[in-house]
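Undergrad: Sequence first, predicted model second:
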Amino acid sequence: MAVAPTPGPSMALELRPPGHLNRSSSLYSLAVCLSNKYDSQKVVADLEEAVTFGRAAVELCPPGHPEHIVSLHQLTYDLWTRFQEQSLQPVLAHDPRSCADVASSLHVLSWGHWKRFQEEAAITNLDEAICLVTYVLDLWPPGHSGYTVSCERLALFVGERVQRLGQRTNADELVMLGRAVDNLRVLANYFRDQHKVQHTIVNLDEAVKLYRYVLQFHPTGHPSRATSLHDLAVCLTDAVRHERSAEANLNEALALEQEAIRLLVPGDPGYDVSRHCLAACLEMKISPQIVTTSSDALDVGHSDIKQVIRGVAFETLKTMPTRLLHTHTGLLCGRDAQISHFMSSQQCNQLLSFCETCTLDQGMELIHTTLSGYFKFVMFSHRWGEDEPLLRDIEGHSVYDLSTKEGFGKLQAFCLRACKEDYLWAWSNTCCIDKDSSAELQEAIGSMFTWYRRSALTIVYLSDVPDSGSFGGSEWFQRGWTLQELLAPRTVLFYTRNWSLYRNFSSSNHKADVGVLEELEQKTGIESWFLTNFSAGTDDARSRLQWASSRCTTRPEDIAYSLFGIFHLHLPVLYGESAANALGRLLAEIISQSGDISVLDWVGESSPFHSCFPAHITSYQKLPPSLSQYNAAKPSLMMRLLLSISMRRLYHSLEKSPLPRFINGRLILPCITHRVVRVQLKGIDPPVPSYMYKIWASGLRPLEIELPDKLEDVAMEQGALQLIRPWHSKLLGPSAKLDAMSEKQLLTMLGRPFNALLLMKLPHNEYKRVASSTLIAAQPVSPGAILKCKVRTLNIV
């Protein structure tokens, strides 16, 4: 039967037109293919296309996007290759393919284009240098050692570009350089802030120069010209205060603010600020003694206070849910509406009043404190029921005006409770997410744990718990998503069916109540320390999987997605995939990130995703029993002396073993191997079915295992099976050398029983795990047998 060809990257791109969620991935894949094709065939057109598609991929993956760095790395390599190919001899010794720091590669490449521009006077090289250094500034924060150098280079490059534009003005060129101009304004603000802190004239002069560049890129008719006029005027006013060309700077500042006001109308953002600045300049002109007045206050001497507040508010809201319910009005508000609520509030008026009299540092601290308090929000945790309100049901309506039945009444009660607790903002997963937008849904799932962690309060509504009952039987504890809703928030209040506080406790936080914590620990099996001090991450991964193993979700694949935040992992949400595939991707990422081999301790059906992973999370319900109570026979003193050399050899093999990792569908697993020399079928339990085998393996005592499937005939052959002890170098402990004490501890540890994996050998030197119905407890025969074991790294599929 003919097999349909696999769609190539170009076909995949056609299937993902502009606007498609995954178009950036297709653009990146196509760029990689063309780059590889150029490497093998050296056709320049392929390299040019690779650069074109690479740029398009980077534009679709802005800073902060999970694919930004990898897309930028590929583009950097292709640009570097093109730069070298255009030279008669190699001129850049820095190879970005071998450099983990993409920004450093871009930094070197931008300077290479600048040097070439100086030699050849080709404007394309100058434009490329500007583009590349803007990429660098996206990657390096202001505190980075290379940030200042990159800022200076951007100023140098754009200054040259301004001169070129003066010789040949072209509107298209102005538009093309818009991103660089935005960076210039940020850079100018940076130098002016540095001046405020250090009081150095050189920073102020640099800011003036940069603001002049920005203004040249904003000619008459440009929407940002008024802002650029004001920025330069404010900076010149500061120069006047430092007696720097006082009369000339003051006259220019007056002219700039006068033009800015002509471009604005009352009510426009910035109109009042420009008017105040103009008045201050006129006052300086009339009363020269005012010239030396300090500009540390946030009023005229600083840019638009309201714009500063808006900027800080926007940054504050970035780590919060996109939409929030306003508990006073019941209206759903996006970020613009949230900011508008604050800007029209009495808190904002008070903040503006305080900022007029305080220093810059005091003002910024006050702005941050005020906004953090204003935008505190409450999260809702509950079991979904009938007729839950969705986004489309409440947009443009107050939740208090809607029906009081079923889910609508529950939402109203939640908002009312949040309002009574004196919180202005609230979030519910039923109506505050656009579930028709795959991009928004992906972002929400990836951010959910962080939102619950940042919440001022999480309200848990238990609709199936009567006022006088215990919450132990609530279905809330059986759902997958509610696990992170229990672990993430620091402050939680449980409410019963009639919205009474659980147990009628007067505490403002049930997580601080010893009685409630004891109930939670008993019900969930999670120690109270984790309930109150939980941190997202891959530490103790096996326990976290066990916490989720008895829970379920409406969509099977959600059981894995609900754990992304708990493990602090960012993975694609692929609705429609199988639960086994979703769980497999999660486990593979845990191993790749941490090398944690405890996730291999499970019993049950193996996954089609990988033989070392379970098909269902229920396989983690039972924690592996402690085997430390069984001890191998202690070797004699003479035996320990004879085994010392072998012990050191084994220690160094274990110490040098690589970390476990998951690559291209294969688990690369370091382990201590025990070759199975004999297998005997002891019995069959037909109803289950279950197959009991007795196994003899080198270095181990005979053991019995129970398998859900009968071993294949090929597995019964000698050498086809291996019992292994998975290994991670951290098991050796913190000691960096082997001494008499650590040698004894290692021998004791390796002499204890351990949970073994049964592997079957496949062609091409690969293995697959044979799933068992119970954990395989293996016991080494003796210390001498331990030292004869082999340390190997196996490829398991």
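TA: Right, received. Where do you want to start? Numbering: from 1, shown residues only.
Undergrad: going forward, measure contacts and count neighbours with C-alpha atoms only.
TA: OK.
Undergrad: ok, Glu247 to Met343 distance?
TA: 37 Å (C-alpha to C-alpha, to the nearest Å).
Undergrad: If you count surrounding residues, which of those two has more?
TA: Just comparing Glu247 and Met343: by other C-alpha atoms under 10 Å the higher neighbour count belongs to Met343, 17 against 13.
Undergrad: Next up, the contacts around the more buried one.
TA: With contact taken as C-alpha atoms under 8 Å, 6 or more residues apart in numbering, Met343 is in contact with 306, 349.
Undergrad: can you tell me how far it sits from Ile367?
TA: Met343 is 12 Å from Ile367, by C-alpha to C-alpha.
Undergrad: do Arg675 as well
TA: 68 Å.
Undergrad: Could you do Ser403 as well?
TA: From Ser403 to Ile367 the distance is 39 Å (C-alpha to C-alpha).
Undergrad: the more surrounded of the two?
TA: Neighbour totals were compared for Ser403 and Ile367, and Ile367 leads with 22 against 12 (other C-alpha under 10 Å).
Undergrad: quick one: average pLDDT of the helix or strand the more buried one falls within?
TA: Assigned by DSSP states H and E, Ile367 belongs to helix 360-374. Helix 360-374 carries an average pLDDT of 87.
Undergrad: Okay, buried residues for that helix please.
TA: 360, 363-364, 366-368, 370-371, 374 (16 or more other C-alpha atoms under 10 Å).
Undergrad: any chance of the residues you listed in JSON lines, plus distance to Leu517?
TA: Shown next, in JSON lines, are the buried residues of helix 360-374 (distance: C-alpha to C-alpha, whole Å):
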{"residue": "Leu360", "distance to Leu517": "45"}
{"residue": "Gly363", "distance to Leu517": "41"}
{"residue": "Met364", "distance to Leu517": "40"}
{"residue": "Leu366", "distance to Leu517": "37"}
{"residue": "Ile367", "distance to Leu517": "37"}
{"residue": "His368", "distance to Leu517": "34"}
{"residue": "Thr370", "distance to Leu517": "33"}
{"residue": "Leu371", "distance to Leu517": "33"}
{"residue": "Tyr374", "distance to Leu517": "30"}
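Undergrad: mind listing the helices for the stretch 301-450 of the chain?
TA: 305-317, 335-343, 346-355, 360-374, 391-394, 406-420, 438-454 (DSSP state H, counting those that start in this stretch).
Undergrad: same thing with the stretch 601-750 of the chain?
TA: 637-655, 740-751.
Undergrad: Now the weakest link among those, please, by mean pLDDT.
TA: Among the helices of the stretch 601-750 of the chain, helix 637-655 scores lowest, at a mean of 68.
Undergrad: what helix or strand does the residue minimising distance to the centre of the chain sit in?
TA: Centroid-nearest residue in the chain, with C-alpha atoms, centre = their mean: His570, separated by 5.6 Å. Following DSSP H and E, one finds His570 outside all helices and strands.
Undergrad: tell me the contacts of it?
TA: 66, 446, 564.
Undergrad: need the residues you listed in TSV with pLDDT and distance to Gly537, can you?
TA: Listed next are the contacts of His570 as TSV, based on pLDDT from 0 to 100; distance: C-alpha to C-alpha, whole Å:
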residue	pLDDT	distance to Gly537
Pro66	77	18
Gly446	91	14
Phe564	95	9
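Undergrad: Among those residues, name the buried ones.
TA: Buried by 16+ other C-alpha under 10 Å: 446, 564, out of the contacts of His570.
Undergrad: residue contacts, Ser428?
TA: 379-381, 411.
Undergrad: try 10 Å this time
TA: Ser428 makes contacts with 321, 323-325, 378-382, 389-390, 411, 414-415, as judged by C-alpha atoms under 10 Å, 6 or more residues apart in numbering.
Undergrad: okay but His368 is in contact with Phe314, surely?
TA: No - counting by C-alpha atoms under 10 Å, His368 does not reach Phe314; the two are 11.1 Å apart.
Undergrad: How many neighbouring residues does Ser87 have?
TA: Ser87 has 11 nearby residues by other C-alpha under 10 Å.
Undergrad: That one in helix, strand or coil?
TA: coil (DSSP: H, G, I helix; E, B strand; the rest coil).
Undergrad: how far away is it from Ala155?
TA: Distance of Ser87 to Ala155, given as C-alpha to C-alpha: 26 Å.
Undergrad: re earlier: what sits in contact with each of Met343 and Ile367?
TA: 309-310, 313, 352.
Undergrad: List only buried entries from the residues you listed.
TA: Buried among those (16+ other C-alpha under 10 Å): 309-310, 313, 352.
Undergrad: ok, those residues vs Ala456, which is closest?
TA: Ala456 has its nearest neighbour among these in Ala313, at 17.2 Å by C-alpha to C-alpha.
Undergrad: thought that closest one was touching Ile367?
TA: Yes - using C-alpha under 10 Å, Ala313 is in contact with Ile367, at 8.7 Å.
Undergrad: which residues do those two both contact?
TA: Common neighbours of Ala313 and Ile367, using C-alpha under 10 Å, 6+ apart, do not exist here.
Undergrad: pull the longest strand from the protein.
TA: With secondary structure taken from DSSP state E, the chain has its longest strand at strand 666-685.
Undergrad: Only C-alpha atoms, please: export that one in PDB.
TA: What follows is strand 666-685, C-alpha atoms only, in PDB (Å, rounded to 0.1, in the frame of the first residue of the first chain):
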ATOM      1  CA  ARG A 666      14.900   8.100  23.600                       C
ATOM      2  CA  LEU A 667      15.600   8.000  27.300                       C
ATOM      3  CA  ILE A 668      19.400   8.200  27.800                       C
ATOM      4  CA  LEU A 669      19.700   6.400  31.100                       C
ATOM      5  CA  PRO A 670      22.900   5.700  33.100                       C
ATOM      6  CA  CYS A 671      22.400   2.600  35.200                       C
ATOM      7  CA  ILE A 672      24.000  -0.300  37.000                       C
ATOM      8  CA  THR A 673      23.100  -3.400  34.900                       C
ATOM      9  CA  HIS A 674      22.400  -7.000  35.900                       C
ATOM     10  CA  ARG A 675      22.200  -9.500  33.100                       C
ATOM     11  CA  VAL A 676      19.300 -11.900  33.400                       C
ATOM     12  CA  VAL A 677      20.600 -15.500  33.100                       C
ATOM     13  CA  ARG A 678      17.400 -17.500  33.600                       C
ATOM     14  CA  VAL A 679      13.700 -17.000  33.500                       C
ATOM     15  CA  GLN A 680      11.000 -19.400  34.700                       C
ATOM     16  CA  LEU A 681       7.200 -19.000  34.400                       C
ATOM     17  CA  LYS A 682       5.800 -20.000  37.800                       C
ATOM     18  CA  GLY A 683       2.100 -19.400  37.300                       C
ATOM     19  CA  ILE A 684      -0.800 -17.700  35.500                       C
ATOM     20  CA  ASP A 685      -3.800 -16.000  37.000                       C
END
